[in-house]
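Asker: quick check, what structure comes out for this input:
(one chain, ligands or ions: 2)
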Amino acid sequence: MEKTFLMVKPDGVQRNLIGEIVARFEKKGFQLVGAKLMSIPVELAEKHYGEHKERPFFGELVDFITSGPVFAMVWQGENVIATARQMMGSTNPKDAAPGTIRGDFGLTVGKNVIHGSDSPASAEREIGLFFKESELVDYSKLINDWIY
Ligand code: DAT
Ligand code: MG
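Answerer: Ligands and ions are numbered 1, 2, ... in the order given. The predicted structure follows:
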């Protein structure tokens, strides 16, 4: 089953949005297979956002993501990578549709509440950066028979 890496960013944690965000993915039918509240070391932040190293906002991005605890998660389900991105909404909350997480809870691109992997390759890379194999739980739920 496809897996993705999702993370409530420090602004989302401070604004008490962990439960709201988890609830949206649960209700959609996706299954949580790993989660932890953590502080991101600067080295991990720089690796995670490595693709943006040359961008002018890289320093700000690393400062922000290390500014407080994040809630890191792995979710699984059919087409979860692309569907989670749709549920998050556009990167800039001003362009994100109402009903999406960023559309409902964000105002500025610098504090856009949630991260989600954007492709199978980045999902695999980011899950590996944040979770050990032993931290992911392989289990089945009876309700999946009513989802699939
Ligand atoms: P996404 O988080 O939707 O995958 P991204 O990978 O392009 O977006 O950028 C990573 C994060 O960097 C994004 O969530 C917020 C920040 N960011 C992106 N573009 C920015 C910009 N022009 N100015 C400031 N921060 C930006
Ligand atoms: Mg991205």
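
Asker: which parts of the chain are strands?
Answerer: Listed in chain order, the strands of the chain (DSSP state E) span 3-8, 31-38, 70-76, 114-116.

Asker: name the stretch among these that sits most buried.
Answerer: Of all those, strand 3-8 has the most neighbours on average by mean count of other CB atoms under 10 Å, namely a mean of 26. Quick note: C-beta positions are derived from backbone N, CA and C, even for glycine.

Asker: okay, angle between that one and strand 31-38 too, please.
Answerer: 40 degrees (axes from the mean of the first three to the mean of the last three CA atoms, to 10 degrees).

Asker: so strand 3-8 versus strand 70-76, what angle?
Answerer: Computed by the same axes, to 10 degrees, the angle separating strand 3-8 from strand 70-76 equals 160 degrees.

Asker: for strand 3-8, the distance to its chain's centre please.
Answerer: 3 Å (CA atoms, centre = their mean, to the nearest Å).

Asker: other SSEs contacting that strand?
Answerer: helix 18-28, strand 70-76, helix 80-88, strand 114-116, helix 120-130 (3 or more CB pairs under 8 Å, 6 or more residues apart in numbering; DSSP states H and E).

Asker: circling back to that earlier point, just tell me which of the strands of the chain ends up closest to ligand 1.
Answerer: Across the strands of the chain, the minimum distance to ligand 1, taken as CB to the nearest ligand atom, is reached by strand 114-116, at 5.5 Å.
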